[in-house]
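Student: Curious how this folds, go ahead:
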Amino acid sequence: MAGRIEDYALIGDMQTAALVCRDGTVDWLCLPRFDSHAIFAGLLGTGEHGFWRLGPAYAPGAEPPTAARRTYRGDSLILESEWDTPRGTVRVIDFMPPRDGAPQLIRIVEGVSGRVPMRSELRMRFSYGRVVPWVHKQEGRTVAVAGPDSVWFDTEAETYGKALTTYADFTVAPGDRIAFTISWEPSHKEPPALPEPEQSLVATEDFWRDWVEHCTYHGPYREAVVRSLITLKALTYAPTGGIVAAPTTSLPEDIGGVRNWDYRYTWLRDAAITLSSLLRTGYREEARAWREWLLRAVAGDPENLQIMYGIAGERELGEAELDWLPGYEGSTPVRVGNGAAHQLQLDVYGEVTEALHLGHMTGLARNDYASVLQLKLIRYLEDHWNEPDEGIWEVRGPRRHFVHSKVMAWVAVDRTIKLIESGDADGPLERWKQLRDNIHRDVCEKGYDKERNTFTQSYGSQALDASLLLIPQMGFLPPDDKRVIGTIEAIQRELSTSDGFILRYPTDGEEEGVDGLPGDEGAFLACSFWMADDLAMIGRVDEARKLFEKLLSLRNDLGLLAEEWDPRLQRQVGNFPQAFSHVPLIDTALRLTASGAYGG
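Tutor: Got it, this is the predicted structure:
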């Protein structure tokens, strides 16, 4: 059975990623890309769907022992797990070297004290656990082949096969180091080069050390910010600059429920706010690469902007259900692909334009097509901003006039006006100023409840929505506007959980709510960070700091966050780790540091 979501560590090579549990089991790995089929899918099923455990040997029928300690080596993505056993202490070092050839997952066992019996259990199952590969020896190496894929297993330890699983039993003493590597290669090609684990370890550590040195943030929350930045870098697909929302699919927002989605794609919204955080912490190269990805993805069809694309800019992300997988803790269906790709979400135009604007303001090298794209997006919005849409939360119920969508349409027009006023683009300035005023007036007249002194989720609705917290952050209204303060206080009253975190919007349990789905969900962590931001903006800085530090305490022992927090079960839920949680963590840390609102 898979561990709790927060029991997992992330390792990756900026093209794919693996999740490693506290007991030394890799339960999730897609090869060769984030969105490829998984060869270890035990996370969404059982051991029969693929895993790789490496740790101290244990008695048949017993539970594998969990590591007594684990940490990342410095500011890197190199995981070190240590077990204390009756016979001594052992360390396992897990990492994926930044790729220069075949993707590799390397695991080095190091004896610390005593003599510790160890076992490697490798059960590869291709196509998300559905296909048992042909495993055989070739020139002294173990290779698993199925269709277009081959995975090569290399180690100095003696291996043997049993029950469609490859085992290695061995003992380590102080100073012993035994390496295990799996490498992927298309099955029709020559075998990948023999791995060099120790050299790869040094190179991987050097890579991360050099990358982190570019971080310009040195405030009191540096540890949390740097770990979040490393996580965002790990979620970047290096060949194209696309950024996945998370490296997993179908980790549930509601344990046992149906709110299970595939997040291994590039959401324009998530990627745009990620670019914002990277720019403000010194990472211009990543921001430039994302902008180039955006221009390629949207090229030729900006009027039909999708809310998400594949990591290389693919448009078709057809959704399917994998009915042979029982789901994480029984949460079905397990989905791959995402049917929301072709929804209308007008807020995306605002997020993309805001990202391009920030790049322009922070000195990112000019790209003429970026300006052309921005003007085309506004021409589309000019005719469509007043239509209903599915909104930021990708509702699968009826379209509505979501207030946040209208606010972000205003942002898109406002930032484009600023671009024209700077002299870097030409457009109908007066006409678009009038458009900006019209959108603003429309929102304030139709999206605001005067009796309750709060903006609402959509026109004519009584419901609230945490996305309204972005109104002052986007500059739509100043923080001291009574309507902004009223909205913040209303969300605190109506969308807070018992422990003070923020829900996205009301859900109706077994009944279908505004999102067209049954069931409930946890507190959405991004929204809780937005609340901390807003509290700081309206002068309630002590309250903001306390909420922020409470949010930091939800991170797992390695500093990682999923999408949501379940206040009933007191555990993380949703896909993991989640870019949309780590980005606002960085933003709030920067805001609180600038305001001096931190302890110590």
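
Student: Where does pLDDT dip in the stretch 1-150 of the chain?
Tutor: Applying pLDDT under 70 to the stretch 1-150 of the chain flags no residue at all.

Student: which residue ranges form the helices in it?
Tutor: Per DSSP state H, counting those that start in this stretch, the stretch 1-150 of the chain carries helices over the ranges 126-129.

Student: likewise the chain?
Tutor: Listed in chain order, the helices of the chain (DSSP state H) span residues 126-129, 197-212, 222-234, 268-280, 284-298, 347-361, 368-384, 403-421, 429-446, 470-473, 482-494, 525-537, 541-552, 579-595.

Student: what about those, which gets the closest to residue 95?
Tutor: helix 197-212 (5.3 Å; CB to CB). C-betas here are computed from N, CA, C, even on glycine.

Student: What residues does residue 226 make contact with?
Tutor: 75, 212, 215, 217 (CB atoms under 8 Å, 6 or more residues apart in numbering).

Student: Now neighbour count too, for those, in TSV please.
Tutor: Below are those laid out as TSV (neighbours: other CB atoms under 10 Å):
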residue	neighbour count
75	18
212	16
215	17
217	17
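
Student: Pull out the buried residues from stretch 127-139.
Tutor: 127-133, 135 (16 or more other CB atoms under 10 Å).

Student: nearest to residue 343, of those?
Tutor: Among the buried residues of stretch 127-139, and counting by CB to CB, the member closest to residue 343 is residue 128, at 25.1 Å.

Student: Surely that closest one and residue 38 touch.
Tutor: Yes. If you go by CB atoms under 8 Å, residue 128 and residue 38 touch, sitting 5.0 Å apart.

Student: ok, which pair from the buried residues of stretch 127-139 is furthest apart?
Tutor: Taking CB to CB, no two of these sit farther apart than 128 and 135, at 18.1 Å.

Student: Out of the contacts of residue 226, which sit inside strands?
Tutor: Per DSSP state E, strands hold no members of these.

Student: got CSV for those residues, with distance to residue 162 too?
Tutor: What follows is those, written out as CSV (distance: CB to CB, whole Å):
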residue, distance to residue 162
75, 40
212, 43
215, 47
217, 51
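
Student: Quickly name whichever of those residues is closest to residue 180.
Tutor: Among the contacts of residue 226, and counting by CB to CB, the member closest to residue 180 is residue 75, at 25.2 Å.

Student: Check which residues of stretch 109-119 are buried.
Tutor: 109-112, 114, 116, 118-119.

Student: Looking at the nearest residue to residue 154 once chain neighbours are set aside now. What's its pLDDT?
Tutor: Using CB to CB, 6 or more residues apart in numbering and skipping the chain neighbours, the partner closest in space to residue 154 is residue 181 (4.8 Å). Per-residue pLDDT puts residue 181 at 98.

Student: quick one: the closest residue to residue 295 other than its chain neighbours and residue 375, what's the gap?
Tutor: Once flanking residues are discounted, residue 295 sits nearest to residue 369: 5.5 Å by CB to CB, 6+ apart. Separation of residue 369 from residue 375 (CB to CB, to the nearest Å): 11 Å.

Student: Between those two, which has more neighbouring residues?
Tutor: residue 375 (17 against 13; other CB atoms under 10 Å).

Student: For residue 517, give me the pLDDT.
Tutor: The predicted local confidence for residue 517 is 63.

Student: same question, residue 466
Tutor: So, for residue 466, pLDDT stands at 96.

Student: quick one: contacts for the closest residue to it other than its chain neighbours?
Tutor: The spatially closest residue to residue 466, leaving aside those adjacent along the chain, is residue 527, at 3.6 Å (CB to CB, 6+ apart). Contacts for residue 527 (CB under 8 Å, 6+ apart) come out as 466-467, 469, 495, 502-504.
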